[in-house]
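Undergrad: I'll drop the sequence and a predicted model, then ask my questions.
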Amino acid sequence: MAPLVAKYAPAALVAALLVATALAFVYTEKLKLTLSPILGTKVDKVLSPVCDCETATAAISFRLRNRDRITVDVIDKNGDTVRTLIRNDPTPRGRTTLHWDGRAENGEVVPEGSYKPRVHLVGEHRTIVLPNPMRVDVTAPHIRLVSLSPRVLSPDGDGRNERITARYVIDEPAQALLYVNGIQRVRKRGQQQKGRIEWFGKVDGESLPPGVYRISLGSRDVAGNLGPRTREKKILIRYVALGRDRVETVAGARFAVLVLSDAVRVQWKLGKRTGTARPGTLKLRAPLQPGRYTLTVTANGFSDRAAVIVRAPKQ
């Protein structure tokens, strides 16, 4: 009898394996035909728990095909649970949205890396790991100012020196920001690590008054981390400027005033006399009557003034 059993044992083993394979195939095909209890998954791709911004949390949203009791965990790359968002919670059919703040059960920020939501459905007796990873990024980008020019800006609409251009390099893909006197004024689109950002000397469409302004750059990455600003560089907004604000001269004598402007020509007025000239050294003759006069020089609608004190000639 023993030899007979030994003879048919391999055949029986092969038959058992074929049956098991067939059953596994049937089960697999059945799973393929079974509608997933979860659909319409939407999960934010990146978050920074330390950014104090709208990307400080990640939204985890999905639809339940049927009402169920669910547990939603956040798991790491090893499949270990780092945070349980809800446990055995009665949830109606339809969309469910949860938020994860990038922190573990003990409240500490989890290490940087990728995490996934995992949903356990009690009624369905199924556990589904959503395929959407969430990347935790708490490292701020760093931007370097390569160049800034020109240093004299004249946003008066004549097409000359209307903007400054700052060239930069960032150590990771991030959005470049430009600050004026510590206030963000420009945000560049895109996440280019190398490029340029421009400012036209205006706020809310209005040209700023003449004066010295401080320019610095910053950056914000896709996770929302705001990097440190560069050291401030000074620029000058100037429309027209006179080399001195007080001139003392003698009646009828000639005098000169330096006029700084990027305009092609400027207009001047002294007493009842007017005229035009090129920027540079403006040479004029003092009025014949002693007194105090005002010299006004205008370029593209902007003016600067100097007091002209005219004295009588010495006898």
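TA: Done, it's in.

Undergrad: show me where pLDDT drops low in this protein?
TA: Within the chain, the ranges that satisfy pLDDT under 70 run 1-33.

Undergrad: break it into its domains for me.
TA: The chain is divided into the following domains under automatic domain parsing: 38-136, 143-237, 240-311.

Undergrad: can you lay out those as JSON lines showing mean neighbour count?
TA: C-beta coordinates here come from the backbone N, C-alpha and C atoms, glycine included. Below are the domains of the chain laid out as JSON lines (neighbours: other Cβ atoms under 10 Å):
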{"stretch": "domain 38-136", "mean neighbour count": "16"}
{"stretch": "domain 143-237", "mean neighbour count": "16"}
{"stretch": "domain 240-311", "mean neighbour count": "16"}
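
Undergrad: do a quick rundown of the helices in the stretch 51-200 of the chain.
TA: Under the criterion DSSP state H, counting those that start in this stretch, the stretch 51-200 of the chain carries no helices.

Undergrad: where do the strands sit along it?
TA: Here the stretch 51-200 of the chain has its strands, by DSSP state E, counting those that start in this stretch, at 58-64, 68-75, 81-91, 94-100, 113-121, 126-129, 134-136, 143-149, 152-153, 164-170, 174-180, 183-187, 194-199.

Undergrad: of those, which is nearest residue 223?
TA: Of all those, the one in closest proximity to residue 223, counting by Cβ to Cβ, is strand 134-136 (7.5 Å).

Undergrad: which other residues reach that closest one?
TA: With contacts defined as Cβ atoms under 8 Å, 6 or more residues apart in numbering, strand 134-136 is touched by 43-49, 58, 60, 74, 100, 102, 109-117, 223.

Undergrad: now stretch 83-101
TA: Under the criterion Cβ under 8 Å, 6+ apart, residues 40, 47, 49, 56-74, 103-105, 110, 115, 117, 122, 134 lie in contact with stretch 83-101.

Undergrad: make it 6 Å
TA: 49, 57-61, 63-64, 66-67, 69-74, 104-105 (Cβ atoms under 6 Å, 6 or more residues apart in numbering).

Undergrad: not counting sequence-adjacent ones, nearest residue to residue 149?
TA: Spatial nearest neighbour of residue 149, excluding adjacent residues (Cβ to Cβ, 6 or more residues apart in numbering): residue 165 at 6.2 Å.

Undergrad: rewinding a little: would you list the strands of the stretch 51-200 of the chain in JSON lines and tack on distance to residue 268?
TA: Conversion of the strands of the stretch 51-200 of the chain to JSON lines gives the following (distance: least, Cβ to Cβ, whole Å):
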{"stretch": "strand 58-64", "distance to residue 268": "64"}
{"stretch": "strand 68-75", "distance to residue 268": "72"}
{"stretch": "strand 81-91", "distance to residue 268": "73"}
{"stretch": "strand 94-100", "distance to residue 268": "66"}
{"stretch": "strand 113-121", "distance to residue 268": "68"}
{"stretch": "strand 126-129", "distance to residue 268": "78"}
{"stretch": "strand 134-136", "distance to residue 268": "63"}
{"stretch": "strand 143-149", "distance to residue 268": "30"}
{"stretch": "strand 152-153", "distance to residue 268": "21"}
{"stretch": "strand 164-170", "distance to residue 268": "29"}
{"stretch": "strand 174-180", "distance to residue 268": "32"}
{"stretch": "strand 183-187", "distance to residue 268": "34"}
{"stretch": "strand 194-199", "distance to residue 268": "31"}
